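Visitor: Next come a sequence and a model predicted from it.
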Amino acid sequence: MEYIYKVSDLTVKVKRYLEGNYEFKNMIVEGELSGVTYYKSGHLYFQLKDENSQVKCAAFSYQRRGIPNDLQEGEKVRIFADVGFYENRGEFQLLVKGIEKQNSLGTLYAELEALKKRMAEEGYFSLEHKRALQKYPKAIGVVTAITGAAIHDIVKTVRKRDPRISIYICSAKVQGIGAEQEIVAGIETLNQIPEIDFIIAGRGGGSIEDLWAFNKEEVAMAFYHSQKPIISAVGHEVDILLSDFTADVRAATPTQAVELSVPELSYYEKEIQSRYDRLQFMGKQYLLKRKQDLQKRRQEYVLQHFPKKIENYKRELLHREERLQKSMEAFLERKRQKYHLSLETVIHLNPMKVLQKGYAVLRKGGQRLRSLEEVSLHEEIEIQMMDGKITAEVKEKKYENTVE
């Protein structure tokens, strides 16, 4: 007997077949746009056609990140999509995940993939080359645009986590003509500063065209050959940038780069407390073991039936126990004093303690001033005080000999 389908049963079966078939996943289809419509909801609908056929396409708002906002009627494109089936109408459509305008990024992506493959084969992405970051950094270098949000986020996060750390900034274009040369030069410059423990190079988010400088071979190689450990900190979600692969560490954003590499000041206090607690525990365990050993020896002496020696051994054991107790108490007291001294040192190293006494720090162009020779009349300087900053103009220079 032949099976008779209901319409809904048939559409469900077709949907399962089309959407469950691997051949219809991640398809690349070329064609010409027709009926392009952007909706306020964020959805995009159009038809993709060639000289013989056309197919309906939909790009829903949650997948619009990689799709241009300026698609035009008749424009030739390449789409990345899965086949979907709309049961209520019995229609199939392409569920679009990405769109490339032809003769634009498509060629760049192809070249990038070829370059990525070659560099991987030559070992530039090898994990053996990756270096660990300094656990307790004293100075870091930053390569990014001085006017961008990235530098603001980096400085703010460093100051919040550990204000003692020095920051060396090398301004560089991060997009457009000449960006890759400036990024490379910035990395090379910071590598010449001995005090720097590691480098953060990157920028905030943007379109893939804006981020493309970090896909350039010369930039990726500068990351790889950096003498100091380097973090790639480009704000993007798609893991395609070459700098991510050749850097020692990859961070999703500039802020995350600081969070990964700069411990909070409270971490030091917790570390000291943890070591103190462990030392105290080990001391107690040592005393307990020694006491158990002494008790065991006591029992052995009793069992050996040396009545004349028992009293002498007892006095000796008590004397040793007392000496051991005093020794451990003195040992723990020395460790407590050392702990408190270390904690006071950490607190006194906080530069804000100095500023609270009425002192101030002068900077020009982000660099700390130490002499009148470093500043000229009518130049602007920055005065860092306890609760904020003042921008001032140099009106007069007066030399005074304050060194005896």
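Guide: Great, that's in hand. Only a predicted model underlies this, so the values are computations on that prediction, with no experimental measurement involved.

Visitor: what stretches of this structure score poorly on pLDDT?
Guide: For the chain, applying pLDDT under 70 flags the ranges 1, 66, 103-107, 236-240, 267-268, 301-308, 348-349, 351, 402-404.

Visitor: and with 50 instead?
Guide: Of all residues in the chain, those with pLDDT under 50 make up the ranges 404.

Visitor: Could you pull out the strands in it for me?
Guide: Here the chain has its strands, by DSSP state E, at 27-38, 44-49, 54-59, 76-86, 91-101, 139-144, 166-171, 198-203, 230-234, 249-251, 361-364, 367-368, 380-385, 388-393.

Visitor: Take the ones you listed and write them to CSV, including distance to Met221 and mean neighbour count.
Guide: No exception for glycine: its C-beta is placed from N, CA and C like everyone else's. Listed next are the strands of the chain as CSV, based on distance: least, Cβ to Cβ, whole Å; neighbours: other Cβ atoms under 10 Å:
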stretch, distance to Met221, mean neighbour count
strand 27-38, 30, 15
strand 44-49, 39, 20
strand 54-59, 36, 19
strand 76-86, 30, 18
strand 91-101, 27, 19
strand 139-144, 15, 26
strand 166-171, 18, 17
strand 198-203, 13, 28
strand 230-234, 12, 28
strand 249-251, 16, 20
strand 361-364, 34, 14
strand 367-368, 30, 12
strand 380-385, 36, 14
strand 388-393, 39, 10
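
Visitor: Tabulate these (a markdown table), appending distance to Met282.
Guide: Listed next are the strands of the chain as a markdown table, based on distance: least, Cβ to Cβ, whole Å:
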| stretch | distance to Met282 |
| --- | --- |
| strand 27-38 | 63 |
| strand 44-49 | 65 |
| strand 54-59 | 63 |
| strand 76-86 | 60 |
| strand 91-101 | 58 |
| strand 139-144 | 35 |
| strand 166-171 | 37 |
| strand 198-203 | 34 |
| strand 230-234 | 37 |
| strand 249-251 | 35 |
| strand 361-364 | 43 |
| strand 367-368 | 44 |
| strand 380-385 | 44 |
| strand 388-393 | 47 |
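
Visitor: out of those, nearest to Leu355?
Guide: Each of these has some distance to Leu355 by Cβ to Cβ; the shortest is strand 380-385, at 6.1 Å.

Visitor: Tell me which stretches of the stretch 51-200 of the chain form helices.
Guide: Taking DSSP state H, counting those that start in this stretch, the helices of the stretch 51-200 of the chain run over residues 105-121, 149-161, 179-191.

Visitor: Counting neighbours, show which residues of the second one come out buried.
Guide: Of the residues in helix 149-161, those buried by neighbour count under the rule 16 or more other Cβ atoms under 10 Å are 150-151, 153-155, 157-158, 161.

Visitor: what's the closest of the strands of the chain to Ala185?
Guide: Comparing those under Cβ to Cβ, the one sitting nearest is strand 166-171, at 7.9 Å.

Visitor: so what does the closest one touch, helix or strand wise?
Guide: Counting contacts by 3 or more Cβ pairs under 8 Å, 6 or more residues apart in numbering; DSSP states H and E, strand 166-171 packs against strand 139-144, helix 149-161, helix 179-191.

Visitor: and for that strand, what are the contacting residues?
Guide: For strand 166-171, contacts defined as Cβ atoms under 8 Å, 6 or more residues apart in numbering pick out 138-146, 151, 154-155, 158, 185-187, 189-190, 193, 195-196, 366.

Visitor: and if we set it to 10 Å?
Guide: The contact list for strand 166-171, computed with Cβ atoms under 10 Å, 6 or more residues apart in numbering, reads 137-148, 151, 154-155, 158-159, 182-183, 185-190, 193, 195-197, 199-201, 258, 365-368.

Visitor: and what of stretch 284-300?
Guide: Contacting residues not belonging to stretch 284-300 are listed as 310, 313-314, 316-318, 320-321, 324-325, 327-329, 331-332 [Cβ under 10 Å, 6+ apart].

Visitor: any idea which of the residues you listed has the most stuff around it?
Guide: Counting neighbours by other Cβ atoms under 10 Å, Leu317 leads those with 17 neighbours.

Visitor: Nearest residue to that one in space, please, no chain neighbours.
Guide: Leu294 (5.2 Å; Cβ to Cβ, 6 or more residues apart in numbering).
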